[in-house]
Structure formats: C-alpha cells, structure tokens
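1. pasted the sequence and its predicted model underneath.
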Amino acid sequence: MWRDLARVLRLWRPQAGWLLLGLAMAAASALLGLALLALAGQGVAAAIGSAGLAGVAALLWLRPLVLLRPAARWAERMLTHDAAFRALADTRVWFFRRLAERMPAGIGLARAGDLLGRLVADVEALDGLYLRALVPATAALVSVLAVTLLLGAVPALAALVAAPLLAALLLPLLLAPGAARAAADVARAQGRLRAAAVDPLTGIEDTLAANAEARAGVALEREGAALAAAQRRLAWRAAWAGAAGTVLAQAALLGALAWGLAAGSAGAAMAALALFLAVAAAEALGLLPRAGAALAAAAAGAGRLFQAADAPVPVPDPAVPAAAPAGHAIRLEGVRFRWAPDRPPVFDGLDLDIPEGTHLALLGPSGAGKSSLAALLLKLAAPEAGRITLGGVPLEALAAEEVRGRIACLTQDARLFGDSIAANLRIAAPLAPDAALWRALDRAGIGGLVRALPEGLATFCGEGGARFSGGQARRLALARVLLSAAPVVVLDEPTAGLDAATERAFLETLGQVLAGRTVILITHRLVGVERPSRIMRLVAGRAIPATG
Amino acid sequence: MLSPTAARDGAARALLRREARALRLPVLAPVLLGLAAILCGIAGAWLAARLLAAVLGHGAAGAGTLAAAAALALLGAALGLAQERSQLRAGEAARARLRAAAFARLLAAGPADARGVGEKAALVVDRVEALDGYFARWLPAARLALLGPALVALAAALADPASGLILLLAGLLVPAAMAVTGIGAAQASRRQFDQLQNLSGRFLDRMRGLSTLVLFNRQEAEAEALAQAAGELRRRTLRVLRVAFLSVTALDLLAAGALALVALRHAALLGGVPAGHPGPAAAIFTLLLVPAFFAPLRGFSAAYHERLSAAGAAAALAPLLEAEPAPGLRLEALPPRVVVTFTDVRLSYDPARPPALDGLSFRANAGETLVLSGPSGAGKSSVLRLLMGFVRPDSGRIAINGQDATALRPEELRRLSAYVGQRAHLFRASIRENIRFARPEATDAEVEAAAEAARVTGFAAALPQGLDTLVGEGGWGLSGGQAQRVALARAFLRNAPLVLLDEPTAHLDPGTEAEVLESLRRLCLGRTAIIASHAAAARSLGRVVEMEQGRAVTGPRAAKGAV
C-alpha cells in the first residue's frame, strides 16, 4: 500500500508548493492551539502557586492567542482545501489521459458493477489522503515534537509525557496495513452487493418473467449482510485504534502528574505545564485514528486506480510512425483475431479488399464480429496474425491519431455528452460553422426536431444524451459522424432505434450524402434501399460475397 | 406553490425524519454510552485537578488518586468502544431495510422505468450506503452535542458557578454564532456542493464516452477542458468556503474565548483564595473541562457533512420510496387453459407522440398460436408488455378467461406466462441455473429436458463444462442465438399456460432462425401463444394478426370474412 500512496504523492509533485504551504499552516495552527492551552494552564497554575509575575505574563499572552488561534485554523482550512482541489484536478486529468491511452475502447461500459463509476469515485476520494491523513498527521507530529522540546529541560518528564504521545502518533501507521486489507474486503463486498443489484436489474424482464423478485431480494440481502460484516470489521479496527489513542493520551497526562508527585514542589510548575501540554496534544492526536482509516481507504482506492491505469497499451503506436499514405484503400489479408486468449477467434483468415470510394455493406448475425472489424480498423485492437493496410501502409506502422483522423466511426456505444448539441457535434469537427452542423443534422434526419427546440443547437443533451429518446440520440450521434471530413466512414448499425420510415429515408440518401467517400455499413440485415457497391457476409470468421 | 427542488428537499427531510424516528431506540444506546464516557472524562478531570493542586501544594492526593484516574481512563476507552459498536448496529439495520425497499420498488417499476441500470444500482447501493454516516454518526453526534456539553457545564457549575456560567453562555452562543455566519454560507455551500457533484458528474460522463472521444482524436482537448473546468470550479468553491469556514471558526473562537475567560477568572487566586472562589482544585478542574465541553460540539461539526451527503442521498431515494406499490388481486389457482381478449385497448407512452395502441381488439383462443405481424412501431411489443404487467392500458379491457387482467397484481399476472423478450439476459450463473431460474423447484431431469427441447444441449456439449459452464457477466460469452435458446429453455421449463414471445428470431442468422422456429413450434403446442414478429418465417407458426399504427388491420376483418 505504501508504494501506491508514494506514487500518488509523486503525481501531486507539481502542486508540492501548495500542499506544503497547507501543511505548514496546519503545523502553525497546531502550535497555536498548544500555546493557548499551555498558557492558560500555566497562568492558573502560577496564580495558585503564587508565582507572581510569570502567571500574569502568561495570561497577557493569552489575549492575542484567543484571536490568533481561530484565524490560523481558518487559514489552515482554506489553504489545505485549495491545495487538495489543485492536486485532485491534476489527478483527474492524469487518469483521463492514461485511460485514453490504455483503454481507448473504454472500460466497464456495460459491465456489471459499474467499474468506471467506482474508479471515478476513487479519484475523488484521494483528497482524503491529504485532508484527512497528511494534514492531521502533520499537526499531531508537530504538537508531539513541541511537547518534547518544551519539556526537554527535564528529560525524565519529557520521556514520561512524550513517549505515550509518540506511540499514539505511530499507532495509525502500524494499524494502516491491516486496515487497508479490511478496506479492500469492504470494497470487494461492495462489488458483490452491486453485482447482486445490477444483474437482476439488467435482465429485469427476465427477472420479472420468472417471478424472481423475492429471490433477487434475498440474494441482495445476503450480500448486504456480508458487506455490513466487512464494514463492522473495518470500523472495529478504527474503534480500537481510537480507544488505544485515548488511553495513550491519558497515560501522558497521568505521567506528568506522577512525575509531579514524585518531584514535589520543586517541579510543580513543570508538572503543570506538562499536564496542560498533554491535554492540548491529545486534542491534536484525537483526529489520528480517523487519519489511519483515511490512509487505508486512500491506499485501497489508489491501488484500484493504478491497476486500471497500468493496463498495457492495447495497440502501441510505432516509435517512428510511417509517413501518411496518400490514398485510403483498405485491405485485410489473412486476419486472425480474438478478444482474449481464452475466447474463440472472431476472425480466422479474413480477407477483405475495400478500394477507395467503395460502399460496402457488411452483413452477419450478432456475434459474427462486425463490431470487432471496426475495432481493428480503428486500432482499438490488433490482429493476432495477418495484416491490415490503409493506403498501402500497414496499420501498425501508422500513428493511431493518423488512422482515426481518416476513419470516422459510428460505434454501437457512441455517446452523447452532457453538453450542448453543437458542442457534441463539434467533437467531430471543432471548427465547423453552424451551417455545417445543420447540414449534418438534416442528413441524419433530425434537423427538423432540433429546429423545433426552443434553444436549437444550444439545447443541452443531458448526460449520455438522457434528454433525448434512444432513436433521437442515435441520430445525433450519426449527424456527428456525417459532420466529420474523414474519407472513410464506418457505420455500425446506424439505424438501430430509428422507426421504419426514417430508416428507409436515411439509407436511401446515404449513397448520395457520402458519395466519393469509402463507406463500411455494418448491419444484420439490409432494408433494400441501400444500393451498396458491394455486399459481403461474415460467416465463421471470414467474409464471403453475398447478395442483399 | 412549491418549487420542484423545495418539494424534493421536503420529501428528503421527511424520509430522514421517518428513519430517525424508527431509530430512536437503537440510537439511545450509543448516546447513553457516549454520556457515560463523558462522565468518566469529567471524573478523570476532577482527579487530575486534585492531583495537580496537590503538586502545587494545595490539598493531599497521592498514588491512590493516580490509580483511580488511570482506571477511569481505561473505563472511558472501553465505553468509547461500546459506543462505536452500538452505533454501527443502528446504521446496519436501517440500511438493510432501505436497501430492500428501494430494490423491491425498482423491480416493481419494471422495464418501463426509464432510469439506466447504473443509476438504479447507484440508488440501491451507493445512495443507501451514503446514509450510513447519517444513522451511525450524525444522529448520535447530534444528541450528544446537546446533552454532553450540558453535563460538562453542570459539573463545572457545581465546582465553580462562575466557570459554569461562562461555559453555559459560550454553549448558548454556539448556535447563535453558527446561525449568523452559517445561514448565507449554508445556502451557498449547498449550491457549491451541487456544482462539485456536477464536476465529478462531468468527469464520469467523459470517462464513459472515452471511446467516442478517442475515435475523434479529441481526448487531449477534453483533458485540457477538464483541467480548466476544475480550476474554474476551485476558484469559485474557495470563494464560498471562505464564508462557510467562518461558522467552524466561530466555534474555535468561542472555545478559545471561554478558555481565556475561565483562566482569567482563576487568575484571581494570585495571592490567596478570595471570597466566592471555590479553591485551586476547582480552578484546575474547570479549566480542564473547557476542552471536554467543546469536544462533543466538534464531533457534531465533523459529522455535519454526513448530514449534507445524506440529504442528497435521501432526495434521490425519497421519490422512489414514496411510490405506493400497485394494489391488486392474487390468483387463486393457475388456470390450465387461457383465453386472451383485447377490447378497444389504448396505450400511450408519451402524450407528444402517437399512441402505441389505438383501440386494439383481438382474441386468442385456448391452445391457439397468434402471430402479431407488422412494421416496427406498430405496437406488437406493447401487447406483450401489457400482458406481462410491465405497463397498464390507458383505456379498454384486457381479459384473461373473461376476467379483467388489470385487476390482478402484475406479479400474479406474470405467473400465467412464459415470456421470452427480444434480448434474453443471461444471469451470472451456470447455464443450468439460468434455465432453472424460470422455476427454481424444478428437478435436474426437468431442466435437462427443457434444455434438450430448446436445443441448448447441442451447443452446451461443446462448452468446457457443458450445462454447468458459467455464463453471463464475466462468464463464457454465448452468441445471441445461443442466449435466445437458453431463454426458450426457460420458457419450456416454466410450463405456463400462456406463452409470450417478442421477436424471438430478431437477432438470429437464417440457419439458427430455422432451428429456433422449430423449437418454438413445440413450445406453443397445447398452449395459448402470442408471438410478436416481423419475420416472414414466423408467420407459419399460427394465425396472423396484421398490426399497423396500434390497431389490427386484417385480423378481425379476416376473421369476420371466415365466419
């Protein structure tokens, strides 16, 4: 766990200045807290002991501290939160870039348990490492050091008071690995609980059709109880750590008093100082058990993040990419491909020749690998054997960016983002003028609907296009692909979710809209109006010529 | 009129109040244990004060007092442990209850519910978990924040009325100061909380659509936009926090002020005990009580964000939990034969669009197979959804053996049917368990017979563990046609009098389609069956009712012609 946490800190290095400033402020405010209580105790003790001037001086110092200490606490909160926000923003962007590089096809898109949501929550929870672990730990450490120094003149007293405090300081570190394991258990139990909810909800028609509501409820309850047990074990550890911390702080306090009793009146002033220092330090140490838990949680989250972020790059770019080819004819020769070594091959000896300007219809039942072909062409996956060329240059010699700039693709999971229609369309062509957007919308058969919206192109799509029906969202995604200037267009089931009339209208105009470009239309059936220049059917991992 | 947000907040508050009431007794234990721990602390402080006074030359206290203080410290720690334990229990029970209720409501809402699975799972898992802090920490902390300081102030007043008064005044000022600094800040920070949620929502949104961004070479531009949005939000959030942190600072200020006042009050001891002062031990005792007085208030302040996040979770859960379960009758016994009659049935999903069913009438006789045919959007699937109780008709009458079907509870209606949807879902289990899902009490022999009848046995034999091969999420990937046959096996095993099939061959290639049709024919034999299909091959299965725009066009006419 320490390695993962150290790696998080390395990621935060660009913000080191801000992070250290926050820690320094936390240290300063902890010292002020210590001073406040010590001076108050010192003053009263001096008054009781009739020590005269010393007591009056201590109480004079108290007045500015009454204002300084809260002000310092406020500044500490502001600075530490500022630093945490900065660090977190960096981590988010780092993680985004990393996944874009290593999991370009996305992860957990349809996966049960919403792995992605979990990972995003893990990123957000990393602020706990700083705000709830590092900041209180620094405050506690500085407090304990100050106590040791202030009592340093009397080594026996210093040892009696500081040793238990130091132990309380180290306790969370000692307990953290065990807590991290317990936290990982909790995360696993939570994953199983989520799966127990997701599986019956995903297949809700089948669940209801089998009258399996009660059975699904029982399974959910079982996983819920398992999660509660795991959480109890984790919380129990934290509670023990807290109790041990309290006992150690009390031990420091009683140590001061015991020393005072032994030393007699000569050590009275020192004993009083030590007592109130111990009380003040206990306040700073009180946050530490939670710091241990925060440390464990952050470590568990970081571990999951790095596991995802360290996935191998599926299709590494060549060190020196070949020059961009002039043409964009596509050729597949003897391609063999499977998604995982333990899965049956999707393609086995696939040959396909797609000259420039071809409008190819690729047919096949679900599971025949039509979408896998798109993944191969876009360098989201690489074939096991055989070769694919674009404009005569092997795909593996070209940079992925170059390939994706030439091939626009409407995938089955094409997503609309929580942004305006215009912004969603301009993902394909950032500089496109409004007129081009309208043209693309009209071609996708949704221009009329957008015109009728009060906010037109500025209409917010909602996350994942939630503002629109499935068919409408699909047409907006289609408009986005039509807007792109790429010479090759791959359309994977472009008319899924469209009603029959719209589907026919779209397919009828497709040839004309995309004239001159290469089109690969992937579909499980032809409607009869497509007029492709070639029709191929995928059967048993190979492409064979077919008629509509 | 209430704004939608106000109504939502009201419902969320009502939910939390209801749960807090239900937890009144379970929460009592941690509160009492917490108070006992505070009493231990007070007693410990008294002993420590007497010891220090003795060191300073006032009164006598020795090793015995020290030992008593140590014992009290251990007792206090033990009480703290017991408090933690009882807190956890209270939260667990409440969460289990809410989770079960939310899950049952989501299942009852059925496939008509427009929420995505991720969102539903978040409701059942994350939202309910987010309430834990409210139950386990906030509820006890809120009560202790009132009772704990009162107890400490009382102890201080018994030792020295003046110090007790100082603490009492400080305590009374806490809510006042928090209100003054907090009212505006709370509003603003609530909005900011929402915006922070929006940013993480945006992050999640872009992550989900990562492949879309990568395919358009836009990942770098989006990464920069993400960084910029985060920077912008940070600046705005800090502006709000500047004010919001003042309320905690007010607490700090009161704590420091009370400490200084108590200390100054006891500075009067300089040069002897004056009249009206209870003496040195009481002075040290009250000084030691100041941190103890503010500790429960700090705990309360630390638990406050639990309440904020619980409010968000409750707002999301409340509408779901408020929905009343649909009432209805139960089936007395499963009828062996079923006659289905639709009379002028109308159904509309969205008032802005043409109705899905617009006065549909037909009759399926016992043992008859009816094929609903027509273009997509004609309303074929809606007929099946009505018969499965996934939706309710707007008007018209649906009768099963002459009895109103909508009077039955939806789950009772479903007991009549074996249903196979367009895309069968395979649960994360073996193929055998997936088939048995339709009728859990079925024997192995019955499951195997169903697998044989649906032609599952054939392809299962080629799998690593045959029928016991794990499928579904993370398991062996079956093709669409194979999954469809597993679903058909479920229908065979279910052995229900009514068979409902929605485009059973939609995603199949012609070879598989022929095989599945042959299985279907046997499934429908001797049962009433309604099949929605636009495939030409399915028309041979039985009598065809042609549908268009939510109505039967040729069926009734053809029937009339035949009479």
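-> Okay, I see it. Residues are numbered from 1 along each chain as shown, chains lettered A, B, ... in the order given.
2. mind listing what the closest residue to chain A within the stretch 301-450 of chain B touches?
-> Here the stretch 301-450 of chain B gets closest to chain A at one residue, B:His425, 2.6 Å apart by CB to the nearest CB. In this view, the C-beta of every residue, glycine as well, is placed from N, C-alpha and C. Going by CB atoms under 8 Å, 6 or more residues apart in numbering or on different chains, B:His425 touches A:Thr202, A:Gly203, A:Glu205, A:Asp206, B:Gly472.
3. what about the nearest residue to A:Asp492 once chain neighbours are set aside, which SS state?
-> Leaving aside its chain neighbours, A:Asp492 sits nearest to A:Ile522 (4.6 Å; criterion: CB to CB, 6 or more residues apart in numbering or on different chains). For A:Ile522, the secondary structure call by DSSP: H, G, I helix; E, B strand; the rest coil comes out as strand.
4. between the contacts of B:His425, which sits nearest B:Leu297?
-> For the contacts of B:His425, the residue nearest B:Leu297 by CB to CB is A:Thr202; the value is 46.7 Å.
5. if we can go back for a sec, tell me the SS of the residue of the stretch 301-450 of chain B closest to chain A?
-> Here B:His425 is recorded as coil under three-state DSSP.
6. how confident was the prediction at it?
-> pLDDT recorded at B:His425 is 85.
7. next, give phi and psi for the residue lying closest to it once chain neighbours are set aside.
-> Setting aside the residues directly before and after it, B:His425 is nearest to A:Gly203 in space (CB to CB, 6+ apart), at 2.6 Å. When quoted as degrees, to the nearest 10, the phi and psi of A:Gly203 stand at phi -100, psi 50.
8. about what we covered before: got a winner among the contacts of B:His425 for most neighbours?
-> In terms of neighbour count, A:Gly203 stands highest of these at 26 neighbours, by other CB atoms under 10 Å in any protein chain shown.
9. ok, that residue touching B:Phe427?
-> Yes - using CB atoms under 8 Å, A:Gly203 is in contact with B:Phe427, at 6.1 Å.
10. so where's the chain uncertain?
-> Going with chain A. Counting by pLDDT under 70, chain A contains low-confidence residues at A:50-56, A:106-117, A:342-343, A:365-368, A:470, A:496-500, A:547-548.
11. I was after chain B.
-> Residues of chain B that meet the criterion pLDDT under 70 lie in B:1-6, B:8, B:180-198, B:200, B:326, B:352-353, B:376, B:473-477, B:506-510, B:554-563.
12. all helices for the stretch 151-300 of chain B, in order.
-> Per DSSP state H, counting those that start in this stretch, the stretch 151-300 of chain B carries helices over the ranges B:161-208, B:210-215, B:219-266, B:280-322.
13. roughly how far apart are A:Asp434 and chain B?
-> 19 Å (CB to the nearest CB, to the nearest Å).
14. circling back to that earlier point, which of the contacts of B:His425 fall in helices?
-> Using DSSP state H, A:Thr202, A:Glu205, A:Asp206 are the members of the contacts of B:His425 that sit in helices.
15. near chain B, which of these show up?
-> Restricting the ones in helices among the contacts of B:His425 to those near chain B by CB under 8 Å from any CB of the partner chain leaves A:Thr202, A:Glu205, A:Asp206.
16. what residues does the stretch 401-550 of chain B put near chain A?
-> Near chain A, when you scan the stretch 401-550 of chain B using CB under 8 Å from any CB, you find B:410-411, B:414-415, B:417-419, B:421, B:424-428, B:437-440, B:472-474, B:477, B:479-481, B:487, B:490, B:494, B:507-509, B:512.
17. center of chain A, which residue is that?
-> Centroid-nearest residue in chain A: A:Val120, 2.6 Å away (criterion: CA atoms, centre = their mean).
18. thought that one was touching B:Leu204?
-> Yes - in this structure, A:Val120 is within contact of B:Leu204 by CB under 8 Å, at 4.6 Å.
19. could I have the strand or helix carrying B:Tyr419 exported to PDB, CA atoms only?
-> Assigned by DSSP states H and E, B:Tyr419 belongs to strand B:417-420. Coordinates of the C-alpha atoms in strand B:417-420 are reproduced here as PDB (Å, rounded to 0.1, in the frame of the first residue of the first chain):
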ATOM      1  CA  SER B 417     -47.000 -16.600 -18.700                       C
ATOM      2  CA  ALA B 418     -43.700 -17.800 -20.000                       C
ATOM      3  CA  TYR B 419     -42.100 -14.800 -21.700                       C
ATOM      4  CA  VAL B 420     -39.100 -14.500 -24.000                       C
END
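20. parallel or antiparallel, list what pairs with it.
-> When pairing is defined by DSSP bridges, strand B:417-420 lines up against strand B:498-502 (parallel).
21. what lies in contact with the strand it pairs with?
-> Here strand B:498-502 makes contact (CB under 8 Å, 6+ apart) with B:338, B:340, B:380-381, B:384, B:387-388, B:400, B:416-422, B:491, B:520, B:523-524, B:527-533.
22. and with 6 Å instead?
-> By CB atoms under 6 Å, 6 or more residues apart in numbering or on different chains, the residues outside strand B:498-502 that reach it are B:338, B:381, B:384, B:387, B:416-422, B:524, B:527-532.
23. and stretch B:452-467, how far apart are its ends?
-> 11 Å (CA to CA, to the nearest Å).
24. just to revisit the earlier point, of the ones in helices among the contacts of B:His425, just say which sits nearest to B:Glu503.
-> Nearest member of the ones in helices among the contacts of B:His425 to B:Glu503, counting by CB to CB, is A:Glu205, at 12.6 Å.
25. quick one, phi/psi of the nearest residue to the closest one once chain neighbours are set aside?
-> Using CB to CB, 6+ apart and skipping residues adjacent in sequence, the residue nearest A:Glu205 is B:Gly421, 4.5 Å away. Phi and psi for B:Gly421, reported as degrees, to the nearest 10, are phi -80, psi -170.
26. hmm, B:Gly421 is touching A:Ile204, no?
-> No - if you go by CB atoms under 6 Å, B:Gly421 and A:Ile204 don't touch, sitting 9.8 Å apart.
27. any chance you could map the helices in the stretch 351-500 of chain B?
-> So, for the stretch 351-500 of chain B - with DSSP H, counting those that start in this stretch - the helices run B:380-387, B:410-415, B:431-436, B:444-453, B:456-460, B:480-494.
28. which elements pack onto the third one?
-> Identification of packing neighbours for helix B:431-436 by 3 or more CB pairs under 6 Å, 6 or more residues apart in numbering or on different chains; DSSP states H and E yields helix B:444-453, helix B:480-494.
29. what of the fourth one?
-> Helix B:444-453 makes packing contacts with helix B:431-436, helix B:480-494 when contacts are defined by 3+ CB pairs under 6 Å, 6+ apart.
30. hmm, who's touching it?
-> With CB under 6 Å, 6+ apart as the test, helix B:444-453 has contacts from B:Arg432, B:Ile435, B:Arg436, B:Thr457, B:Ala489, B:Phe492, B:Leu493.
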